[in-house]
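1. With the sequence up front, the predicted model follows.
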Amino acid sequence: MANVAVKAAIMLNTGEMVDMNTTMAEGTVTELKTSTTYAVAAVSIGQYAEGKSITQIIQAPSAPNGIAYAYVNRRGEILCALPVAKEGVASQPCPMPFGFVLQAGDTIQVMANTAADREFSYSVITSDNVHAIFAATPSGAGNVELTHILSGQGIGASLTGKSIAAQWATSVDGSKLISGGGVYVLNDRGLPIGGSVATNPANLQPKANMMGRCTLGLNFVARVSTSS
C-alpha cells in the first residue's frame, strides 16, 4: 500500500472555500484535514468551520486510485455520506442534503483505494436523512453481504423500518458484477426488492440516485454477486 495525497474542496455558507489535502495510506480509513496552503495548520473540518455549514462539494474527496467511501464523522457516527472521485475523473457535483451545522470534533473520514482493491461500497440516505455506508470485498465467484462500515451490521439490522431515498455504489469489478451490475437489497424471503448499479470511479464519478429505492425490514440484506 502506498501513501497518497487525498484532496477535496468544500464551499461553506459564508462563501469560503476550504482546501483540503492530506497524505494517507491507501486501504486505511484516515482523516482528511485542511491543507496548509491556505490555512496556518492542518486541522479537522469541525475545528476550521465550527458553526458554519457545507453548501457545496466542489471537488469530492479524490485520490490517484479512487476513493471507496468518505463521510463526515460526528462522535463516532456517520453524519453525512460524501460523494467520492478518482483524481482527474470528476464531473459537476450533484446536490446533497448538507442540512447541518459543523461542530468542533466533526471530521471527514476517507478510505482511499489501492490499485488492486476490489472493495464494494454502498452509500445510502434514508427518507428521514439517516446516512449509512455498507461495504465488503468480493474474493471470487459467489455472494458477499455488505455490512455497515462502523457497526458491522447488515442493512436490515442497521436501518429497520427506514426507506431509502438516495443511494450510490462504487466498485471496480464491472462485468464481474452479476447482481444487477451492482448490489441487490433482498427481503426476508431472499427476493430482490431494490438496489443500485455500481460505478467504477476510474471511469465516471459516482452520483447519488433515486432509482431502486425500497423500505427496509429487519432481516433484509444487501448482497453483491460476482462471477469471478
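-> Nice, thanks for sending it over. Numbers count the residues shown, from 1 in each chain.
2. okay, CA-based contacts and neighbour counts for the rest of this
-> OK.
3. confidence score at Ala39?
-> In this model, Ala39 is scored at 85, pLDDT.
4. do the one 5 residues further on as well
-> According to the model's per-residue confidence, Ser44 sits at a pLDDT of 98.
5. One more: Tyr48?
-> pLDDT, Tyr48: 97.
6. any idea how far Leu79 is from it?
-> Look at Tyr48 and Leu79: by CA to CA, to the nearest Å, they are 17 Å apart.
7. can you check Leu150 too?
-> In terms of CA to CA, Leu150 sits 12 Å off from Leu79.
8. what about those two, which has more around it?
-> Neighbour count, other CA atoms under 10 Å: between Leu150 and Leu79, Leu79 has more, with 20 against 12.
9. how close does the more buried one get to Val72?
-> 5 Å.
10. same check, this time on Tyr48
-> From Tyr48 to Val72 the distance is 14 Å (CA to CA).
11. same deal with Leu218?
-> Counting by CA to CA - Leu218 and Val72 are separated by 26 Å.
12. Phi first, then psi, for Gly180.
-> Dihedral angles of Gly180 (phi, psi; degrees, to the nearest 10) stand at phi 70, psi 30.
13. who touches Leu216 in this structure?
-> The contact partners of Leu216, by CA atoms under 8 Å, 6 or more residues apart in numbering, come to 155-156, 159-164, 187.
14. oh, I was asking about Gln103
-> Neighbour list for Gln103: 46-47, 49-51 [criterion: CA under 8 Å, 6+ apart].
15. Which one (most neighbours) among those residues?
-> Gly46 (22 neighbours).
16. just wondering, since we're on that one, how far is it from Lys162?
-> Going from Gly46 to Lys162 by CA to CA gives 28 Å.
17. what's the answer for Gly51, then?
-> Separation of Gly51 from Lys162 (CA to CA) stands at 29 Å.
18. do the same with Ala5
-> 36 Å.
19. Likewise for Ser227?
-> Using CA to CA, Ser227 is found at 31 Å from Lys162.
20. so how many other residues sit close to Pro83?
-> 25.
21. phi, psi of Gln47?
-> Here is the backbone geometry of Gln47 (degrees, to the nearest 10): phi -70, psi -40.
22. tell me the contacts of it?
-> 103-106.
23. Met11 now?
-> Met11 sits next to 17-18, 54-58 when contact means CA under 8 Å, 6+ apart.
24. which of these lies closest to Ser179?
-> Ile57 (30.3 Å; CA to CA).
25. Next up, identify which helix or strand the closest one is on.
-> In this assignment (DSSP states H and E), Ile57 forms part of strand 54-63.
26. What sits closest to Ala112 if chain neighbours are left out?
-> Ile67 (4.5 Å; CA to CA, 6 or more residues apart in numbering).
27. One more: Ala202?
-> Spatial nearest neighbour of Ala202, chain neighbours left out: Lys86 (5.9 Å); criterion: CA to CA, 6+ apart.
28. Can you show me the CA trace of stretch 144-161 as PDB?
-> Output of stretch 144-161 as PDB, limited to C-alpha atoms (Å, rounded to 0.1, in the frame of the first residue of the first chain):
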ATOM      1  CA  VAL A 144     -21.000 -11.400  -0.300                       C
ATOM      2  CA  GLU A 145     -23.200  -9.400   2.000                       C
ATOM      3  CA  LEU A 146     -22.400  -5.800   2.700                       C
ATOM      4  CA  THR A 147     -22.100  -4.700   6.300                       C
ATOM      5  CA  HIS A 148     -22.100  -1.300   8.000                       C
ATOM      6  CA  ILE A 149     -18.500   0.100   8.000                       C
ATOM      7  CA  LEU A 150     -18.800   1.200  11.700                       C
ATOM      8  CA  SER A 151     -21.200  -1.300  13.400                       C
ATOM      9  CA  GLY A 152     -20.600  -4.400  11.200                       C
ATOM     10  CA  GLN A 153     -24.400  -4.900  11.000                       C
ATOM     11  CA  GLY A 154     -26.300  -5.700   7.800                       C
ATOM     12  CA  ILE A 155     -28.500  -3.200   6.100                       C
ATOM     13  CA  GLY A 156     -31.700  -4.600   7.600                       C
ATOM     14  CA  ALA A 157     -30.500  -4.500  11.200                       C
ATOM     15  CA  SER A 158     -29.000  -1.000  10.700                       C
ATOM     16  CA  LEU A 159     -32.000   0.600   9.000                       C
ATOM     17  CA  THR A 160     -35.000  -1.300  10.100                       C
ATOM     18  CA  GLY A 161     -38.300   0.400   9.000                       C
END
